[in-house]
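[1] Fold the following for me, if possible:
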Amino acid sequence: MQKKSAKTQIKLRPVAASYSLKDHIYPVLKSAIMDMDIYSADTNLRLDERELAEQLQISRTPIREALARLEQEGFVEIRPRKGVYVRPKTLPEVLEIVVVWAALESMAARLVTRVASDREIATLRKLGVKHSADSKRADLEEYSEANIKFHQRILELSGCTLLSETADPLLQHMHAVRRRAMREKDRISRSVVDHMAIIEAIENRESELAAMLVRDHTMKLHDHIKTTWQELQDGQNKHTL
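    Predicted coordinates for the structure are as follows:
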């Protein structure tokens, strides 16, 4: 059983008075949850409605509405008489997300080689160079963000709106997964090498190679998680109360 902390680890900013609370509390909470390191054993996953209201300087009603929506999307779990908890995915769930992501981004990479302009593809090179530099710094969060932007850009350049819209909810759940994985087994430097190879294949308009490299890159993450994240097996992780 996880030791409860007096303070939740979620970080929020007060909402401007001009905002429509019904429309804006949901993305504020969702963004804050996505920024949490939910797969770390040290993270307190319980969300205190009173503290959230104090941080945002609003009443609890719009917070409860937002939490109900986030529960539907699988980000939190509302437990009667116990409270609200950020919900890490189980190992089978994480692995399924990665597999589907690999398939979607692989197709996106194939499309990029066929429909994107040289100028658009050059933006991938720019992102690749930037996160290559970030990988040499101590700031893991900065690299993680650049890494996510790189994968998002591949989907954007595919020219297929439905593909991007289908992948986006998966990528949202992948934020915390990638954050943890990047700390393990020198995955940052390996990620940079893979990304540069992907960029070169796309620049050369090699559709099959680009699709294969993107798929293999993501499946390396799948295999890493499958062999090292055993505490998530069948949902029996350290955050289960």
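
[2] Please identify which helix or strand holds the most centrally placed residue in the chain.
    Nearest to the geometric centre of the chain sits H175, at 1.7 Å (CA atoms, centre = their mean). Following DSSP states H and E, one finds H175 within helix 161-181.

[3] List the residues that contact the residue nearest to the centre of the chain.
    M34, D35, S144, I148 (CB atoms under 8 Å, 6 or more residues apart in numbering). Backbone N, C-alpha and C define where each C-beta goes, glycine included.

[4] what about 7 Å?
    M34, I148 (CB atoms under 7 Å, 6 or more residues apart in numbering).

[5] downstream neighbour of the helix holding H175 in the secondary structure list?
    helix 187-203.

[6] Show me which residues of that next one are buried.
    R187, I188, S191, V192, D194, H195, A197, I198, I199, A201, I202 (16 or more other CB atoms under 10 Å).

[7] M219: which of the residues you listed is nearest?
    D194 (11.0 Å; CB to CB).

[8] and the spatially closest residue to the closest one that is not a sequence neighbour, how many neighbours?
    Of all residues not flanking D194 in the chain, H217 sits nearest, at 4.3 Å (CB to CB, 6 or more residues apart in numbering). When neighbours are defined as other CB atoms under 10 Å, H217 has 21 of them.

[9] what do you get for the one 10 residues further on?
    Under the neighbour criterion other CB under 10 Å, T227 is assigned a count of 8.

[10] Can you tell me how far it is from S189?
    19 Å (CB to CB, to the nearest Å).

[11] cool, and R119?
    Counting by CB to CB, the gap from R119 to S189 is 29 Å.

[12] Next: E156.
    Distance, E156 to S189, using CB to CB: 26 Å.

[13] pLDDT below threshold where in the protein?
    By pLDDT under 70, the low-scoring segments of the chain are 1-9, 13-20, 22, 131-141, 232-241.

[14] that older thread, ok and the helix holding H175 relative to helix 187-203, angle-wise?
    With axes from the mean of the first three to the mean of the last three CA atoms, to 10 degrees defining the directions, helix 161-181 sits at 160 degrees from helix 187-203.

[15] buried sites along helix 161-181?
    Quick answer for helix 161-181 (16+ other CB under 10 Å): 163-164, 167, 171-181.

[16] my read: L155 touches T166, true?
    No - with contact defined as CB atoms under 7 Å, L155 does not reach T166; the gap is 9.3 Å.

[17] mind listing the helices for this structure?
    21-34, 49-56, 61-72, 91-115, 118-134, 140-157, 161-181, 187-203, 207-228 (DSSP state H).

[18] So which of the ones you listed is nearest V84?
    helix 61-72 (5.6 Å).

[19] What is the burial count for T218?
    Neighbour tally, T218, other CB under 10 Å: 21.
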